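>>> got a sequence here, can you build the structure:
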Amino acid sequence: WHLSPGPRPGRPIALVTGGTRGIGSGIAAVLAEEGYDLLLTYNSDGETADEFARTLRESEDDGDGPRVECVGGDISLCSTRDRIFEALDSMTEEDGGNEGGGRRLPVLVHNAGQYVGITSENSEGITADKTLSFGDGSLVDKDGRTNFDTMHYYQRMYGEAFVDLCERSLLRMGNSQDGGGGTIVGISSPGVCAHYYGPDWSYSMPGSGKSLMEYSMRIYATKVAHRGINVNVIIPGVTKTKAWSRLAKSKGLDEGRMMEAIVERRVPLKRMTTPRDIGNMVKFLCSDTGKFLTGTVVPMDGGLHLRH
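So this is what the prediction gives:
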C-alpha cells in the first residue's frame, strides 16, 4: 500500500473491504460523496483498484476530493488484515492519532468476497470443479473423507475476517460520549441465516462463512450499543456486477438473460439492485436516523425475499 501525501483532518475515515469494484465500489462512491476519506481493499486486481481510486480523488471540481488509499491481498489472511490496519493507523497518525485529537474510524464495511475459483483468485489455489453442498456427498473425497478446504476458506474470508475487522476497528472507534462511536456493516447474501429467505443448498459453502458474520453481528450490536455504535448486515438482491458476469459464464449462460429472468420471476419491483443502492443503505445506517437501527439484517433486494 502507498499513502497519498497530506493529512485531511476535516474528514472521517471509512474502511470498505472489496471497495474498488462491484458492490464495494458503489458503497465507496456514496461515502466519498458524503465527505469520507476512504481506505479500500482489493484482492488481486491492483490496476482496477488504482484507476477507481483515481476517479474518486478527482471527483471534486475544486480538487478537494477525498483521500483514497488501497491495500491489496486476500482478506482471508491475517497478514492482509495486518497491512490494512497499518495503513489505517498511518492515516490517523498524521493527524496526531486518537490521543492527539486526530481522526478515528467511524465506518467499517466488510464487503469483500468471491465465488471461489470463479470470480477471483484466492490464496489457497482452490478451484470450482463442482458445486459443493451439505448432504449430497459432494464434500466427500475419493478416500471417503470429508474435504473441508473450500468450506474453511469461506469461513476465514467471511466469518473470521469479519470478526477480526470488527475487533480491531472497535479499538479505533471510541465512544459517542467522547466524540467516537460509529457504524459497522457486513454484506451477506440471500439464503444464509436471515428468516426472510429459505436455505439455498447451492450456496452451502459461502453460506457457512456468512452465517458467522450474521450471527456475530447480533452479538456485536448488543455489546457495543452503549458506545454509540450500530452493527447490521445488508443483503443485496440481484446486483449487476462483474461477479455475476463470471458466474453466468461459468454456467454457460448469457449474463443479461440470466439476470433478467431472475428479476422477472422473483423481484416484485422488477429491477436489479445497483451497487449505489447498497451504498445508499450504508449511508442511511451511518446517519443519525439510521444509527437507531442495529442488530438486524436489511434485505436491499426489491422484494426478492418475498418470493425466495
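
>>> strands along the stretch 101-250 of the chain, start to end?
Taking DSSP state E, counting those that start in this stretch, the strands of the stretch 101-250 of the chain run over residues 107-110, 182-187, 229-236.

>>> just those: most buried one?
Highest mean neighbour count among the strands of the stretch 101-250 of the chain (mean count of other C-beta atoms under 10 Å): strand 107-110, with a mean of 28. Placement of C-beta: from N, CA and C, glycine included.

>>> okay, the strands of the stretch 101-250 of the chain in a markdown table with mean pLDDT next?
Below are these laid out as a markdown table (pLDDT from 0 to 100):
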| stretch | mean pLDDT |
| --- | --- |
| strand 107-110 | 98 |
| strand 182-187 | 97 |
| strand 229-236 | 97 |
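
>>> quick check: bridge partners of the closest residue to Tyr220 other than its chain neighbours?
Distance criterion C-beta to C-beta, 6 or more residues apart in numbering; nearest residue to Tyr220, sequence neighbours excluded, is Val231 at 4.5 Å. Beta-bridge partners recorded for Val231 (DSSP bridges): Ile184.

>>> now do the contacts for the spatially closest residue to Gly182 that is not a sequence neighbour.
Sequence neighbours aside, Pro106 is the residue nearest to Gly182 in space, at 3.8 Å (criterion: C-beta to C-beta, 6+ apart). Pro106 makes contact with 12-14, 173, 180-183, 286 under the criterion C-beta atoms under 8 Å, 6 or more residues apart in numbering.

>>> ok, of the residues you listed, which one's closest to Leu39?
Ile13 (6.3 Å; C-beta to C-beta).

>>> quick check: the closest one touching Ala87?
No: under the criterion of C-beta atoms under 8 Å, Ile13 makes no contact with Ala87, lying 10.4 Å away.

>>> gap between the residue nearest to Gly182 and Leu171?
13 Å (C-beta to C-beta, to the nearest Å).

>>> any regions of the stretch 151-300 of the chain where pLDDT drops low?
Low-confidence segments of the stretch 151-300 of the chain, defined by pLDDT under 70: 243-244, 246-251, 255.

>>> how about the contacts of Pro106 in a markdown table, adding distance to Gly303?
Below are the contacts of Pro106 laid out as a markdown table (distance: C-beta to C-beta, whole Å):
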| residue | distance to Gly303 |
| --- | --- |
| Pro12 | 33 |
| Ile13 | 34 |
| Ala14 | 29 |
| Met173 | 34 |
| Gly180 | 37 |
| Gly181 | 32 |
| Gly182 | 30 |
| Thr183 | 25 |
| Cys286 | 24 |
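
>>> looking at these, which are in helices?
Among the contacts of Pro106, the residues falling in helices (DSSP state H) are Cys286.

>>> most neighbours among the contacts of Pro106, which one is it?
Ala14 (28 neighbours; other C-beta atoms under 10 Å).

>>> what sits against the closest residue to that residue other than its chain neighbours?
In this structure, Ala14 finds its nearest non-sequential neighbour in Val107, 3.8 Å apart by C-beta to C-beta, 6+ apart. By C-beta under 8 Å, 6+ apart, the residues touching Val107 are 12-16, 31, 36, 182-185, 282, 286.

>>> let me know the distance separating the residue nearest to the spatial centre of the chain from Thr41.
Nearest to the geometric centre of the chain sits Asn111, at 0.7 Å (C-alpha atoms, centre = their mean). Distance, Asn111 to Thr41, by C-beta to C-beta: 9 Å.
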